[in-house]
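> 3D model of this:
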Amino acid sequence: MNSLDRYLDRVQNLPPAPTVAIQLLDLFSNPDRDIDRIVQLIRHDPSLTAAALKRCNSCAFLGAEPVVDLFVAVSRLGLNELYCIVATLIASRMMMQVPAKDIAAATRLWRHAVCTAVNSATLAERFQLAESTAFTAGLLHDVGKLILISVEGATYTGMLRSAGHFGPTLIAVEKSCLGFTHATLGARLLERWGLPENICIAVELHHQSPVAANEHQRLAATVNFANALAHQMINGSLEAPAAAAVNPEAMILLELTADDIPLVLEQIRPDLDKVEELLQTQT
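Residues are numbered from 1 along each chain as shown. Next comes the predicted model:
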């Protein structure tokens, strides 16, 4: 047993595996998607059904008849948006296990995760990757931080304050103090949950060169870029060039240059309007 497994085994309130999200990912990977099965899975959880109907009856669909049936919601929302809503709500439950004294740090982490997920899905569409897979990788890329906040409390939030929430300085501090990073811890948790290999690798490498992801390089590069961009968005520097914060090899794999950043932002902006509503599904 390695040090990551030993650490996870000591966590008293480890989040449960997101079984429904994993099953939905499997269904979405099948070209002949079984909509009946998708609806059945979601219907087993009243809060997921409520979130889907809430989104479907939101201002985005003003003028349409109110929807009370999940099958109608699927047809109106589309499968990709439905998946994003469900995955976001499932992942938000992880945050609820954080002690009240650390909720501010967890909330900041949660907002960043949702922004990264939206960015990843939008980029996936641009680069012809599976949007649901990219969304999930973006949403869970910092799950290791959530575990560390839950276990280490003020010790880890102090690391975030001193080293910053992003970049090589934080990675160096984590390795020095813990012996591992939030990225490797998060990836190991996802492996234990049974998430697909490509998602686990993208999470593990979101601060490293995506070239190491081998056949999953494009997904790893997408999450790397989406993560850097999300940090800038949340820090209020949306117009700043993101290239400096992204691994250069990720830019090459995505066939992007610094001059392309404004065009990517234009493509992402329409989807960013959904972020606040996705965040609201956790209540």
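> please make it C-alpha for all contacts and neighbour counts, starting now.
Will do.
> what about Gln232, neighbour count?
Per other C-alpha atoms under 10 Å, the neighbour tally for Gln232 reads 17.
> ok, now Glu204?
For Glu204, the tally of surrounding residues (other C-alpha under 10 Å) stands at 25.
> gap between it and Val246?
For Glu204, the distance to Val246 (C-alpha to C-alpha, to the nearest Å) stands at 15 Å.
> next: Ala172.
Counting by C-alpha to C-alpha - Ala172 and Val246 are separated by 17 Å.
> of these two, who's got more company?
The residue with more neighbours, out of Ala172 and Val246, is Val246; 22 against 15, by other C-alpha under 10 Å.
> quick one: residues contacting that one.
By C-alpha atoms under 8 Å, 6 or more residues apart in numbering, the residues touching Val246 are Asn224, Phe225, Ala228.
> so which of the residues you listed sit within helices?
Of the contacts of Val246, the ones assigned to helices by DSSP state H are Asn224, Phe225, Ala228.
> where's Ala21, which helix or strand?
helix 19-28 (DSSP states H and E).
> remind me what that helix packs against, helices and strands.
Helix 19-28 is packed against helix 35-43, helix 79-95, helix 131-140, with contacts defined by 3 or more C-alpha pairs under 8 Å, 6 or more residues apart in numbering; DSSP states H and E.
> include distance to Val11 and mean pLDDT when you put the ones you listed into a markdown table, please.
A markdown table is the format used below for the helices and strands packed on helix 19-28 (distance: least, C-alpha to C-alpha, whole Å; pLDDT from 0 to 100):
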| stretch | distance to Val11 | mean pLDDT |
| --- | --- | --- |
| helix 35-43 | 29 | 87 |
| helix 79-95 | 13 | 82 |
| helix 131-140 | 18 | 92 |
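> Val72 is nearest to which of these?
Nearest of these to Val72, taken as C-alpha to C-alpha: helix 35-43 at 10.2 Å.
> in that closest one, which residues are buried?
Within helix 35-43, the residues that count as buried by 16 or more other C-alpha atoms under 10 Å are Ile38, Val39, Leu41, Ile42.
> just stretch 3-10 next, same as before
Buried residues in stretch 3-10 (16+ other C-alpha under 10 Å): Leu4, Leu8.
> pLDDT of it, averaged?
Averaging pLDDT along stretch 3-10 gives 90.
> stretch 115-123 too?
89.
> same check, this time on stretch 179-186
Per-residue scores along stretch 179-186 average to 96.
> distance from it to the middle of the chain?
Its chain's C-alpha centre and that of stretch 179-186 lie 16 Å apart, by C-alpha atoms, centre = their mean, to the nearest Å.
> now do stretch 255-268
The gap between where stretch 255-268 is centred and where its chain is centred comes out at 21 Å by C-alpha atoms, centre = their mean.
> buried stuff in that stretch?
For stretch 255-268, by 16+ other C-alpha under 10 Å, it's Ile261, Leu265, Ile268.
> just list the residues touching the second one, thanks.
The neighbours of Leu265, taking C-alpha under 8 Å, 6+ apart as the test, come to nothing; the list is empty.
> show me the contacts for Gln223.
Careful, residue 223 is Val; it's not Gln. Neighbouring residues of Val223 by C-alpha under 8 Å, 6+ apart: Thr116, Ser120, Ala134, Ala137, Gly138, His141, Ala202, Val203, His206.
> and the gap between it and Ile85?
Distance of Val223 to Ile85, computed by C-alpha to C-alpha: 19 Å.
> with Asp34 instead?
18 Å.
> those two: which is more packed in?
Neighbour count, other C-alpha under 10 Å: between Asp34 and Ile85, Ile85 has more, with 22 against 12.
> surely the more buried one meets Thr49?
No: the pair Ile85 / Thr49 is not scored as a contact, 10.0 Å apart, by C-alpha atoms under 8 Å.
> just want the angle from the longest helix seen in the chain to helix 79-95.
Looking across the chain with DSSP H, the single longest helix is helix 103-126. Taking axes from the mean of the first three to the mean of the last three C-alpha atoms, to 10 degrees, helix 103-126 and helix 79-95 form an angle of 160 degrees between their directions.
> elements contacting helix 103-126?
If contacts are counted by 3+ C-alpha pairs under 8 Å, 6+ apart, helix 103-126 sits against helix 79-95, helix 131-140, helix 143-152, helix 217-234, helix 261-272, helix 275-280.
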